[in-house]
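Participant: sharing a model prediction with you, sequence too.
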Amino acid sequence: MAQIPSTIVNLLKKTLDCNNVERDVREFENVDTFNTNNKIKGYLVVKNGKYNGSMIITSINGVVLEKPNIVYNIPNLNYPYTKKSRKEKKIEFLPKSHFKSIKGFTSYCFMNKWNGTNIVIYKYKDNENNVYVSGKTKGYSILQNNDKYDINFFDLTMNVLKRMNVIENDKIITNLNNIELNNDFLKYFDLFLKNDEINGISFELCGTEEKHLVKYDFDIDLKPLQFLFNNGKIKPCIEFTKDIKISNEMEDILLNHVYTFGNYDEFIKVLQKLQNNSLQLNENYRKENNLQHQYEYDHFITEGNVLYLLDNNGFAVDRNYIFKLKPTDVEQVHWEQFGEKHTKLVDEAVKKVELRQLEMNIENLRQELDMGDKGWGKFGKQVLNYLKDKYQIELTDESIDKKRSKEEVEFEESDKKKVKME
């Protein structure tokens with residue numbers, strides 16, 4: 001990577017939390033697939049965390065921008081569980097003191113967790129203040145098809161945009177003045193285009209034509225998720241017109257509605273109820289379709305929900321406080337014995353690392369596998385052997401032998417006792 005100008009280095013550090021730019025960012029130069037006369041150049045954040053996938057556009061068609069464009073992406077979603085329980089693959093929600101200490105946290109909302117690929121439609125400007133509208137996936141500065149995995153991100157997104165009548169001459173139009181706003185997509189897309197404070201809008205590209213884990217009853221769609229503001233703030237794509245106090249008598253939990261945070265115990269009960277509801281939906285679906293619980297496509301009807309902690313103005317209080325709330329049948333893929341369902345998880349992790357153009361290393365692999373020290377100490381060898389056998393990817397981690405988990409040692413000791421007894 002060529003030397004980065006000091007002004008851009010300072011911007012990356014101050015705005016996108018990239019303290020080690022050599023490690024945290026990747027330089028790009030691509031033809032904008034929605035505005036093919038433009039070649040954009042800049043730096044993409046590859047550091048895991050709340051700015052992963054965000055970028056700075058520094059030049060257009062070789063002309064250095066007087067004011068670089070910062071394009072925010074969605075953060076990596078966290079779990080609302082304690083670190084200890086995550087390491088031990090258990091579910092223990094964050095304590096009352098944690099939520100009480102969050103500055104500005106007054107309310108929250110739940111949204112459906114759509115199971116697909118995140119697409120950000122964003123605006124950028126040249127030195128003449130011309131506005132261009134484009135799109136990107138998390139690992140790229142642009143939106144393009146992927147031939148290796150036969151995933152047509154660009155084509156599928158274009159299909160939806162054309163269906164919504166927001167494409168003209170193969171470009172995304174910059175206003176919807178002549179279009180009836182008769183669905184959620186158009187309503188939120190119009191707000192994105194009209195509001196100069198909004199830099200991007202995040203969608204989930206999902207459906208039967210973009211298969212992941214959940215079986216949907218539609219071919220392809222772009223589901224609105226979040227507004228991404230110029231100052232880095234996030235606001236979920238929901239109506240901010242209702243303020244519903246949760247009570248024990250409340251039977252239904254409404255998605256896309258704002259709730260006042262009051263009693264911690266009631267709040268946790270709602271989280272548990274949502275998780276249980278999602279699990280019940282999946283179990284009923286498998287029963288109706290005579291399916292076993294397997295971690296693969298067509299065996300789930302939902303991936304759960306997303307929890308946003310909000311301030312008085314409806315913004316997420318921080319990029320770290322957007323949580324994924326998955327049902328236990330998705331959440332707990334037990335690493336008791338390395339088998340077929342775990343090889344599928346490794347396959348999916350390899351795919352994500354490559355699609356995001358990340359370095360194939362232990363850190364990124366574990367991040368996508370969501371494996372803590374305990375799980376990695378127990379099954380790291382099997383994962384690395386599988387990578388070597390299937391993908392000819394050779395990674396080494398000397399710590400595996402040095403930091404074997406207590407459970408692994410106890411398991412082997414119990415096996416030895418069984419042999420003696422026999």
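Facilitator: Received the coordinates, thanks. Numbering: from 1, shown residues only.

Participant: doesn't residue 57 make contact with residue 124?
Facilitator: Yes. Counting by CB atoms under 8 Å, residue 124 touches residue 57, with 5.5 Å between them. Quick note: C-beta positions are derived from backbone N, CA and C, even for glycine.

Participant: overlap in contacts, those two.
Facilitator: Common contacts of residue 124 and residue 57 (CB atoms under 8 Å, 6 or more residues apart in numbering): 40, 69, 71.

Participant: where does the stretch 301-422 of the chain dip in pLDDT?
Facilitator: Within the stretch 301-422 of the chain, the segments meeting pLDDT under 70 span 332-337, 374, 399-422.

Participant: ok, now with 80
Facilitator: Along the stretch 301-422 of the chain, the parts satisfying pLDDT under 80 run over 331-341, 370-375, 377-378, 398-422.

Participant: and the strands in it?
Facilitator: Taking DSSP state E, counting those that start in this stretch, the strands of the stretch 301-422 of the chain run over residues 305-310, 322-325.

Participant: can you redo those strands as CSV with mean neighbour count and distance to residue 182?
Facilitator: Converted to CSV, those look like this (neighbours: other CB atoms under 10 Å; distance: least, CB to CB, whole Å):
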stretch, mean neighbour count, distance to residue 182
strand 305-310, 22, 25
strand 322-325, 21, 29
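
Participant: could those strands go into JSON lines alongside distance to residue 140?
Facilitator: Listed next are the strands of the stretch 301-422 of the chain as JSON lines, based on distance: least, CB to CB, whole Å:
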{"stretch": "strand 305-310", "distance to residue 140": "23"}
{"stretch": "strand 322-325", "distance to residue 140": "22"}
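
Participant: which of those sits closest to residue 341?
Facilitator: Smallest distance to residue 341 across the strands of the stretch 301-422 of the chain (CB to CB): 19.8 Å, for strand 322-325.

Participant: mind giving me the packing neighbours of that closest one?
Facilitator: Applying 3 or more CB pairs under 8 Å, 6 or more residues apart in numbering; DSSP states H and E, we find strand 322-325 packed against helix 264-288, strand 305-310.

Participant: shaky segments in this protein?
Facilitator: For the chain, applying pLDDT under 80 flags the ranges 1-2, 85-90, 239-252, 295, 331-341, 370-375, 377-378, 398-422.

Participant: please, where are all the strands along the stretch 51-200 of the chain?
Facilitator: Counting by DSSP E, counting those that start in this stretch, the strands of the stretch 51-200 of the chain are 55-60, 63-71, 107-112, 117-125, 131-136, 167-168, 171-172, 198-206.

Participant: out of those, nearest to residue 369?
Facilitator: Ranking the strands of the stretch 51-200 of the chain by distance to residue 369, with CB to CB as the measure, places strand 117-125 first at 18.5 Å.

Participant: now for the closest one, which elements pack on it?
Facilitator: With contacts taken as 3+ CB pairs under 8 Å, 6+ apart, strand 117-125 sits against strand 63-71, strand 131-136, helix 153-163, strand 198-206, strand 221-229.

Participant: could you list the buried residues of it?
Facilitator: Buried residues in strand 117-125, counted by 16 or more other CB atoms under 10 Å: 117, 118, 119, 120, 121, 122, 123, 124.

Participant: mind listing what the second one touches?
Facilitator: Residue 118 is in contact with 73, 74, 137, 138, 202, 203, 204, 205, 225, counting by CB under 8 Å, 6+ apart.

Participant: now do the last one
Facilitator: Going by CB under 8 Å, 6+ apart, residue 124 touches 40, 57, 60, 69, 71, 131, 132, 134.

Participant: ok, the fourth one touching residue 43?
Facilitator: Translated: residue 69. No. In this structure, residue 69 is not within contact of residue 43 by CB under 8 Å, at 11.4 Å.

Participant: quick revisit: ok, the buried residues of strand 117-125 vs residue 194, which is closest?
Facilitator: residue 123 (11.1 Å).

Participant: where does the closest one sit relative to residue 189, distance-wise?
Facilitator: Using CB to CB, to the nearest Å, residue 123 is found at 12 Å from residue 189.

Participant: same deal with residue 75?
Facilitator: Relative to residue 189, residue 75 is positioned 22 Å away (criterion: CB to CB).

Participant: for residue 392, give its distance to residue 307.
Facilitator: To residue 307, residue 392 is 40 Å away according to CB to CB.

Participant: re earlier: just put the helices and strands packed on strand 322-325 in JSON lines and tack on distance to residue 95.
Facilitator: Shown next, in JSON lines, are the helices and strands packed on strand 322-325 (distance: least, CB to CB, whole Å):
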{"stretch": "helix 264-288", "distance to residue 95": "8"}
{"stretch": "strand 305-310", "distance to residue 95": "15"}
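
Participant: so which of the ones you listed gets nearest residue 155?
Facilitator: Here strand 305-310 is closest among those (CB to CB), at 26.8 Å.

Participant: report the backbone C-alpha coordinates of the closest one in CSV.
Facilitator: Output in CSV follows, covering the C-alpha atoms of strand 305-310 (Å, rounded to 0.1, in the frame of the first residue of the first chain):
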residue,chain,number,x,y,z
ASN,A,305,-34.2,-10.2,16.0
VAL,A,306,-32.0,-7.2,16.4
LEU,A,307,-32.1,-5.0,19.5
TYR,A,308,-31.3,-1.3,19.3
LEU,A,309,-30.6,0.8,22.4
LEU,A,310,-31.8,4.3,21.6
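
Participant: of the shared contacts of residue 124 and residue 57, select the buried ones using a ChimeraX command.
Facilitator: Burial among the shared contacts of residue 124 and residue 57 is assessed by 16+ other CB under 10 Å; the matching ChimeraX selection reads:
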select :40,69,71
